[in-house]
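Visitor: predicted model and sequence below, questions to follow.
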Amino acid sequence: METYLENISKNSNPKDNFYIVNRATTSNIKTKFASPLNGRGYEIALTGFATYYSFPNIDDRNNTIIIASEQKEHTIKLPKGCYELFEVNKNISAAMGWTEEKDAEITITADDVTLRSKLCIKDPKWYVVFPNEHSLGLALGFEPGTYHYKKDPFGNAACYISQRIVNILKVDTIMIHADIVSGSMVDGAIRPVIFNLSPNVSPGNKIVVEPVNPIYLPVSRDIINEVNIWLTDQDNELLDLQGEKIVVTLHMRER
């Protein structure tokens, strides 16, 4: 016991403050310390966060669309990835063999005024099905169902407008949890959230956060052998980083 306490004293007493750098390729990060840290009387804040916007907004839960005619049915499952709306349209056209934009019989584009998506079927032989399960309509704002060719009052091909606002960017907020903090709440419930942010870059770009005025929270343990950090979205679902590197830097200091 004496040696154990001496290790704690040696590791913490000379330090009024110090940094803990955590690196990983998953949204669950566990850092073990060679010598335990003294957490009594300390507070901690996030001072750095870096990763890439690699969180998929299309995966096997919302990647399926069916494009069919009387002769053939094409079930298209988009590969898991980070898509913007124009990339969804591009991938569907490629799956159908429509290599040129002018050749596409079906297009999905944005309605910038209503923030919904537009589904345009240009040829009466085609129709589109958003299935009840795993539907791409979940991201595009379309309810499950079958959508046939239709005309506007002037006899031209008319577009469908999605029933709901597009939900193509699935992650609105990144919540960074650390199991050694106290003093934070989410929706009225106590949660060990040390920081949260809204990604301000497009999918594929790097996210870098270095708070100018870090917010310090009390450390919840007297003795710290390890720290566990995990990242979730606004719905408390773990982020899928798809193997991208992540760096989380914490700063501990005496209160």
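Guide: Nice, thanks for sending it over.
Visitor: measure Met175 to Leu197 for me?
Guide: Noted for Met175: a distance of 9 Å to Leu197, by Cβ to Cβ, to the nearest Å. Placement of C-beta: from N, CA and C, glycine included.
Visitor: between the two, who's got more neighbours?
Guide: Here Met175 and Leu197 are compared on neighbour count by other Cβ atoms under 10 Å; more neighbours surround Met175, at 20 against 14.
Visitor: all helices of the stretch 101-250 of the chain, in order?
Guide: In the stretch 101-250 of the chain, helices defined by DSSP state H, counting those that start in this stretch lie at 137-140, listed in chain order.
Visitor: against Ile44, how distant is Gly183?
Guide: Distance, Gly183 to Ile44, by Cβ to Cβ: 10 Å.
Visitor: common neighbours of these two, please.
Guide: When contacts are counted by Cβ atoms under 8 Å, 6 or more residues apart in numbering, the set common to Gly183 and Ile44 consists of Leu217.
Visitor: looking only at neighbour counts, state which of the two leads.
Guide: A count of neighbours by other Cβ under 10 Å puts Ile44 above the other of Gly183 and Ile44, at 25 against 15.
Visitor: which non-adjacent residue is nearest that one?
Guide: Counting by Cβ to Cβ, 6 or more residues apart in numbering, the nearest residue to Ile44 once its immediate chain neighbours are dropped is Met252, at 4.8 Å.
Visitor: my read: that neighbour touches Tyr42, true?
Guide: Yes. Using Cβ atoms under 8 Å, Met252 is in contact with Tyr42, at 5.2 Å.
Visitor: okay, and the common contacts of those two?
Guide: When Cβ under 8 Å, 6+ apart defines a contact, the residues bordering Met252 and Tyr42 alike are Val219.
Visitor: re earlier: for the residue nearest to Ile44, give me its contacts.
Guide: If a contact means Cβ under 8 Å, 6+ apart, then Met252 has Asn17, Phe18, Tyr19, Ile20, Leu37, Gly39, Tyr42, Glu43, Ile44, Val219 as its contacts.
Visitor: surely it is within a strand?
Guide: Yes. The assignment for Met252 by DSSP: H, G, I helix; E, B strand; the rest coil puts it in a strand.
Visitor: who's it bridged to?
Guide: On the basis of DSSP bridges, Met252 is bridged to Phe18, Ile44.
Visitor: picking up where we left off before, now which of the contacts of Met252 would you call buried?
Guide: Listed as buried from those are Ile20, Leu37, Gly39, Tyr42, Glu43, Ile44, Val219; burial here means 16 or more other Cβ atoms under 10 Å.
Visitor: before we move on, back to that, give me the pLDDT value at the residue nearest to Ile44.
Guide: Met252 is assigned 94 on the pLDDT scale.
Visitor: roughly how far does it sit from Ala178?
Guide: Relative to Ala178, Met252 is positioned 11 Å away (Cβ to Cβ).
Visitor: please enumerate the shared neighbours of those two.
Guide: When Cβ under 8 Å, 6+ apart defines a contact, the residues bordering Met252 and Ala178 alike are Ile44.
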